[in-house]
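[1] model this:
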Amino acid sequence: MLTRAAALGALLAVVAMAGLHWPFHNEALNGLALFLAFTGCVYPGALLAQRSKQWVATSELGVGIAILASAWMGVAIHPLWLAAGYFGHGVWDWFHHAGGIPTKVAGWFPPACAAFDFLIALYAAWLVI
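    The predicted structure is shown next:
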């Protein structure tokens, strides 16, 4: 299941990169920032459907806020913050997949999301360099 989920995430990343790669790269960066802001809300949103321990809720909200901040800083300060935000979210996905964070999501979601996030982080960095 891990291989198929990661392949799905990679395929979606390629589709997203193709759709975002307009001749005007500012629009691509704004699209990446908007999606990163949305991505930061996924795991905190999953908490709404379950009862969680205090530390889980605090960590999910803290990371969600950090991802939202990365999206904002990617637009307001420097676009490399977008790459950092996607990379950080990919690491957070991996912690969920490894069982380090007990937020309940579908088993295929964290590896698919991690593959997507890591590829988009590379793409965002490539747009800036």
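[2] so where's this protein uncertain?
    The model of the chain has pLDDT under 70 over residues 1-2, 19-26, 52.
[3] again, 80 this time
    Scanning the chain for pLDDT under 80 picks out 1-2, 15-28, 48-57.
[4] can you give me the helices in it?
    2-20, 25-39, 42-47, 54-76, 80-97, 109-128 (DSSP state H).
[5] Now those helices in JSON lines, please, with extra columns for distance to Thr103 and mean neighbour count.
    All C-beta spots, glycine's among them, are computed from the backbone N, C-alpha and C. Converted to JSON lines, the helices of the chain look like this (distance: least, Cβ to Cβ, whole Å; neighbours: other Cβ atoms under 10 Å):
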{"stretch": "helix 2-20", "distance to Thr103": "17", "mean neighbour count": "15"}
{"stretch": "helix 25-39", "distance to Thr103": "14", "mean neighbour count": "18"}
{"stretch": "helix 42-47", "distance to Thr103": "5", "mean neighbour count": "18"}
{"stretch": "helix 54-76", "distance to Thr103": "6", "mean neighbour count": "16"}
{"stretch": "helix 80-97", "distance to Thr103": "6", "mean neighbour count": "22"}
{"stretch": "helix 109-128", "distance to Thr103": "9", "mean neighbour count": "21"}
